[in-house]
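J.: I'll drop the sequence and a predicted model, then ask my questions.
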Amino acid sequence: MTTTTSHTPEPEGLAGLAGQAEGSARPGRLIQNEATTEIPVHLLFRDNPDPVAVPLKPAIVARRQGTGEQPRLRRPAQSKPHPAPEVDPELVEQSARVLPGAAGVFAGACGAAGCLATSWWAGVLPPPVLEALRLPASVGAGLGLVQWAAYTGAGALGLFGFGGLARGRTGRAWVLGLFGRYRGTVRRTGLLWVNPLLLRRRVDVRLRHWRSEPMPAADGNGVALRAVVLVVWRVRDTARALLGVEDHETYLRECVEAALARVPVEMPGGPRGSIEAAAETLTRLVVRDAEAVGLEVFSVRPVRVEYAPEVAAAMHRRRIAALDAQNRATVLTSVVDSVEDTVTRLTVRGLVELDDYERKALVKDLTVAFCAGRGESAG
């Protein structure tokens, strides 16, 4: 047996009325070019007990003129790090050529002996010198052109030998230059011979610490402070330190002052770890700026922080007011606890029966009495 199901087509008039009713029920668009996204209902009610979290990005809406929409959200622009100063490739420390001090002593002795021999040859040595040196008397050729040339050569050799003698010390170095050009650095110790024509500039390469004078600083709220910092540093590249900047110690002082202007420093007793964080930030900034001139900075640490003179009096009054308010709050809490304990004991033990009016009057009188007693004891 076959069952035939027939579908009766709906009249066009009824379909049109249904479409008009649906169109009238839907509200009109409030914003031109509005676009909506349909969200399936079954995604909101899932039977899965552990649904997979889907990361959602924040919606970003472009602002259209006259629509009242919110402006586009933009990420704050990140500040670019301050570039480190460029380093002159020619100013790189290199070892200078020096000779042992024995070479200079030998050259100087040869020059002195040559001058003595020329004087004996010219016959200008007095008899006492001849007797002291046990030299035979010379006929004496006189001071001619040849004798003066011998004097000049021997004297130059002696001056060149003795004039180049130098003593190198531990923790000290020489930066050598010739006619404004860097010729090398001497870090050796002991008796040395250095070309006497070279210009020598001594530099201390030991580990040094510098305690600054009070420098301007500020805390996280912008309150003016004065900070004394301790800087541990040394000269790592002598060529850059002496030739790359006019005065490397002044440059280091200005680097520390510039870093203090950018890093907030807290007073002692502030948030825990704030001083250590400030010291690490200061060290990082100063290391980056001082590296270009051959300085090696190990630590920059605030050792004393105090308020600036122009705000010290105001901050002192503020601190006294805060302590006074804290003391008043402590006294008030103690008085309230004492009054509550007294009233509770009286009523619980059945010593008195009080209604609301009598209870309020008793609390008032006890509060006044306890406050007066605390004031007398404090005075």
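T.: Received, thanks.
J.: send the alpha carbons of stretch 326-338 over as PDB?
T.: C-alpha atoms of stretch 326-338 as PDB (Å, rounded to 0.1, in the frame of the first residue of the first chain):
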ATOM      1  CA  GLN A 326      48.600  57.200  62.400                       C
ATOM      2  CA  ASN A 327      48.900  57.800  66.100                       C
ATOM      3  CA  ARG A 328      45.400  59.200  66.300                       C
ATOM      4  CA  ALA A 329      44.000  56.200  64.400                       C
ATOM      5  CA  THR A 330      45.800  53.800  66.800                       C
ATOM      6  CA  VAL A 331      44.500  55.700  69.900                       C
ATOM      7  CA  LEU A 332      40.900  55.800  68.500                       C
ATOM      8  CA  THR A 333      41.000  52.000  67.800                       C
ATOM      9  CA  SER A 334      42.200  51.300  71.300                       C
ATOM     10  CA  VAL A 335      39.500  53.500  72.900                       C
ATOM     11  CA  VAL A 336      36.800  51.900  70.800                       C
ATOM     12  CA  ASP A 337      38.000  48.400  71.700                       C
ATOM     13  CA  SER A 338      38.100  49.300  75.400                       C
END
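J.: how far does it sit from the chain's center?
T.: 45 Å (Cα atoms, centre = their mean, to the nearest Å).
J.: contacts for that stretch, please.
T.: The set of residues external to stretch 326-338 that reach it, using Cβ atoms under 8 Å, 6 or more residues apart in numbering, is L366, T367, F370, C371, R374. No exception for glycine: its C-beta is placed from N, CA and C like everyone else's.
J.: just stretch 362-372 next, same as before
T.: For stretch 362-372, the external contacting residues (Cβ under 8 Å, 6+ apart) are V331, V335, V336, S338, V339, T342, V343, L346, L354.
J.: can you give me the strands for the protein?
T.: Counting by DSSP state E, the segments of the chain that form strands are 99-100, 165-168, 172-178, 181-186, 190-193, 199-204, 208-211, 215-218, 224-235, 295-307.
J.: can you select the buried ones among the contacts of stretch 362-372 for me in PyMOL?
T.: Of those, the buried ones go into a single PyMOL selection, burial set by 16 or more other Cβ atoms under 10 Å:
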select buried, resi 335+338+339+343+346
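J.: quick check: the farthest pair among the contacts of stretch 362-372?
T.: V331 and L354 (25.7 Å; Cβ to Cβ).
J.: before we move on, back to that, make a markdown table from the contacts of stretch 326-338 and add neighbour count and pLDDT to it.
T.: Output for the contacts of stretch 326-338, formatted as a markdown table (neighbours: other Cβ atoms under 10 Å; pLDDT from 0 to 100):
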| residue | neighbour count | pLDDT |
| --- | --- | --- |
| L366 | 17 | 80 |
| T367 | 15 | 81 |
| F370 | 18 | 76 |
| C371 | 14 | 77 |
| R374 | 15 | 66 |
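J.: L157 and A107 touch, don't they?
T.: Yes: assessed by Cβ atoms under 8 Å, L157 is found in contact with A107 at 5.8 Å.
J.: okay, the angle between the longest helix seen in the chain and strand 295-307?
T.: Secondary structure assigned by DSSP state H gives helix 309-348 as the longest helix of the chain. Here the directions of helix 309-348 and strand 295-307 differ by 60 degrees (axes from the mean of the first three to the mean of the last three Cα atoms, to 10 degrees).
J.: buried ones in helix 309-348?
T.: Here helix 309-348 shows M315, V335, S338, V339, V343, L346 as buried, counting by 16+ other Cβ under 10 Å.
J.: if I look at L197, how far off is E276?
T.: Plainly put, L197 is 52 Å away from E276 if you go by Cβ to Cβ, to the nearest Å.
J.: circling back to that earlier point, to C255, which of the strands of the chain lies closest?
T.: strand 295-307 (8.4 Å).
J.: gap between S338 and T283?
T.: Distance of S338 to T283, computed by Cβ to Cβ: 53 Å.
J.: same question for V303.
T.: Distance from V303 to T283, by Cβ to Cβ: 14 Å.
J.: the two: which is more packed in?
T.: A count of neighbours by other Cβ atoms under 10 Å puts T283 above the other of V303 and T283, at 18 against 12.
J.: list the contacts for the more buried one?
T.: T283 makes contacts with V297, F298, S299, V300, R301, as judged by Cβ under 8 Å, 6+ apart.
J.: dump those residues into CSV; add pLDDT as well.
T.: Shown next, in CSV, are the contacts of T283 (pLDDT from 0 to 100):
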residue, pLDDT
V297, 96
F298, 96
S299, 95
V300, 95
R301, 94
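J.: buried members of these into ChimeraX, please.
T.: Provided next is the ChimeraX selection string for whichever of the contacts of T283 are buried by 16+ other Cβ under 10 Å:
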select :297,299,300,301
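J.: need the helices for the chain, in chain order.
T.: Remark: helices assigned in the chain by DSSP H are 12-25, 101-122, 127-133, 145-163, 238-243, 248-262, 274-290, 309-348, 356-378.
J.: could you point out which of those sits nearest R211?
T.: Among the helices of the chain, helix 248-262 comes nearest to R211, with 11.1 Å by Cβ to Cβ.
J.: other SSEs contacting that closest one?
T.: strand 208-211, strand 215-218, strand 224-235, helix 274-290, strand 295-307 (3 or more Cβ pairs under 8 Å, 6 or more residues apart in numbering; DSSP states H and E).
J.: possible to save those as CSV with distance to L191?
T.: Shown next, in CSV, are the helices and strands packed on helix 248-262 (distance: least, Cβ to Cβ, whole Å):
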stretch, distance to L191
strand 208-211, 26
strand 215-218, 44
strand 224-235, 24
helix 274-290, 34
strand 295-307, 29
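J.: and V129, which of the ones you listed is closest to it?
T.: Minimum separation from V129 across the helices and strands packed on helix 248-262 (Cβ to Cβ) falls at strand 224-235, 50.3 Å.
J.: the closest one: partners in the sheet, and parallel or antiparallel?
T.: Strand 224-235 pairs in its sheet with strand 208-211 (antiparallel), strand 215-218 (antiparallel), strand 295-307 (antiparallel), by DSSP bridges.
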